[in-house]
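*Asks:* curious how this folds, go ahead:
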Amino acid sequence: MTTLILFICLFLFGVSAVQHYFRNSIIPEVGWVLIAGIVYGIANANLRINLPVVDVEPDIVLFLLLPVLIFDSARSIPLKVLKQVSFHAGFYATIGVVVTMLMLAFPFSLITKIPIWDAIFFGAIMAATDPVAVAAIFKNFTFPERLNVMVEGESLLNDGTAIILFVVLSSFILDHHVLSISAFISKFLISIIGATIFGLAMALLTTFIMRKWHEIHDKFIGAVVPLIAVYMSFAVAEHFLHVSGIITVMVCTMAMTQFHSRLESKCTKYNEIDRYFNDFWNFLGDLANKILFFILGSAIGMHLTKVPWQLAPLFIIILIVSRVVAVYSGGLLFKIMKRPLPGSWLNVLTIAGLKGALSVALILLIPTSYAHRELFLCAAFIMIFFSLIVNSLVMRFYLNRVTLEDV
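*Replies:* Here you go, the predicted structure:
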């Protein structure tokens, strides 16, 4: 216990130092945390010191870290603007995820010589985008709000699609259940519809409690009641109802946010509480992200010699090509349907296709007994590291040289 407490203190001190020294760095903070995790893993594997092994149970990732990440993303998206871009973001979050998954899977199977269904499983893990680093870059530039919401909305919605694909494919790959198209579609629809209904119900219950308690509403209640709603809705959805916990939390969060914005317009006393609430959730979301990236870095650092570096250029190429095909095929379809997006927006969407926390979390959910887990971990590390560093640099370069028109 003493060792654990000291390790947690040193970890928190380390991420605080990263926050202090690298807040204005061209490399995102989570990129530096990933590098720190690699250094820690190398030290743990090669130095004769008894450092704690950074390893977490899959359920901790699923039930403790993921709900925070989803809530933190969903609460910051304006519902009114999301409705305006729902067609485009919805396409990229559903059809785009499937296209990306397949575009990753087939060349990955060819390169690594693993069975195609295992490669599709990997494609599902890496299909979701995470704009955490891009969001930090966006703050330094002026550009259309709809584009910002489209990037964040795609990331939020495709998290739900990716995790449903992961659950369905894992039952086929890991548990050897029979996979049929009809069963897949029915399970997909039931998961989405059930999660939406339950998420709305949890939002109504939470907002009812918040309204009944408004006379004693304070900072503690304003933070802890949504925290209860997030974890309870995710746990019940995943464990008891067997529907998507991510979509449940997403719907619950958006509904609660909509109610709160209406209440806030009628009462000014919530301003101070809102500041505390936002700071509280910014802290939790930031911490969850950094924990996941540190875990990934540590795991890679301990097995650095096993990373197939000779395949890294090929992994990066299929990552880029899959994103390009998904974005620009969508752009072509939008043009045919008379709902086009500017070319500069498509460029930003392509560059913003970073891989991040969700992909890390899903890989950590795979049992260690799975034969290709280590390969998945190494390939994911290469793709995530490349997108975090290179895409961030390219995004800054591009935004400095283009004017993004509103539509």
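*Asks:* look up phi and psi at Lys355.
*Replies:* phi -100, psi 140 (degrees, to the nearest 10).
*Asks:* hmm, Ala380 and it touching each other?
*Replies:* Yes - counting by C-beta atoms under 8 Å, Lys355 touches Ala380, with 7.3 Å between them. (Each C-beta comes from the backbone N, C-alpha and C, glycine too.)
*Asks:* what is in contact with those two at once?
*Replies:* With contacts defined as C-beta atoms under 8 Å, 6 or more residues apart in numbering, the residues shared by Lys355 and Ala380 are Met126.
*Asks:* when those two are compared, which one has more neighbours?
*Replies:* Lys355 (24 against 21; other C-beta atoms under 10 Å).
*Asks:* against Val18, how distant is that one?
*Replies:* 20 Å (C-beta to C-beta, to the nearest Å).
*Asks:* how about Ile363?
*Replies:* Ile363 is 23 Å from Val18, by C-beta to C-beta.
*Asks:* neighbour-wise, which of these two wins?
*Replies:* A count of neighbours by other C-beta under 10 Å puts Ile363 above the other of Ile363 and Val18, at 25 against 20.
*Asks:* per-residue confidence for that one?
*Replies:* In the predicted model, Ile363 carries a pLDDT score of 87.
*Asks:* so for the host helix or strand of Phe108, what gets flagged as buried?
*Replies:* In this assignment (DSSP states H and E), Phe108 forms part of helix 86-112. Across helix 86-112, burial judged by 16 or more other C-beta atoms under 10 Å covers 86, 88-94, 96-105, 107-109, 111-112.
*Asks:* now the helices for the stretch 101-250 of the chain?
*Replies:* 116-126, 132-138, 145-173, 181-212, 219-235, 245-266 (DSSP state H, counting those that start in this stretch).
*Asks:* now swap in the stretch 301-407 of the chain and tell me
*Replies:* 312-336, 343-351, 357-365, 373-386, 392-399.
*Asks:* Ala379: neighbour count?
*Replies:* For Ala379, the count of nearby residues is 27 (other C-beta under 10 Å).
*Asks:* so for it, what's the pLDDT?
*Replies:* For Ala379, the predicted pLDDT is 94.
*Asks:* residue contacts, it?
*Replies:* Ala379 neighbours (C-beta under 8 Å, 6+ apart): 108, 112, 122, 308, 311, 315.
*Asks:* now Met254
*Replies:* So Met254 contacts 74, 77, 79 (C-beta under 8 Å, 6+ apart).
*Asks:* how about His372?
*Replies:* 114, 118, 122.
*Asks:* nearest to Lys335, of the residues you listed?
*Replies:* Taking C-beta to C-beta as the measure, Lys335 lies nearest Phe122 of the contacts of His372, at 31.4 Å.
*Asks:* and that closest one, how far is that from Phe315?
*Replies:* Taken as C-beta to C-beta, the span from Phe122 to Phe315 is 11 Å.
*Asks:* quick check: neighbours shared by those two?
*Replies:* Here Phe122 and Phe315 share the contacting residues 108, 379, scored by C-beta under 8 Å, 6+ apart.
*Asks:* looking at these two, which one has more neighbours?
*Replies:* Neighbour count, other C-beta under 10 Å: between Phe122 and Phe315, Phe122 has more, with 27 against 23.
*Asks:* do you know the pLDDT at the residue nearest to that one when sequence neighbours are not counted?
*Replies:* The shortest distance from Phe122 to any non-neighbouring residue, by C-beta to C-beta, 6 or more residues apart in numbering, is to Phe376 (5.4 Å). Per-residue confidence (pLDDT) for Phe376: 93.
*Asks:* and if you look at Lys113?
*Replies:* 94.
*Asks:* next up, phi/psi of it, please.
*Replies:* Torsion angles, degrees, to the nearest 10, at Lys113: phi 60, psi 30.
*Asks:* how about it, what does it touch?
*Replies:* Per C-beta under 8 Å, 6+ apart, neighbours of Lys113: none.
*Asks:* just give the number of residues close to Leu156.
*Replies:* 28.
*Asks:* could I get the contacting residues of the closest residue to it other than its chain neighbours?
*Replies:* Among residues not flanking Leu156 along the chain, Ser73 sits closest, at 4.9 Å (C-beta to C-beta, 6+ apart). For Ser73, the contact set (C-beta under 8 Å, 6+ apart) comprises 152, 155-156, 159, 285.
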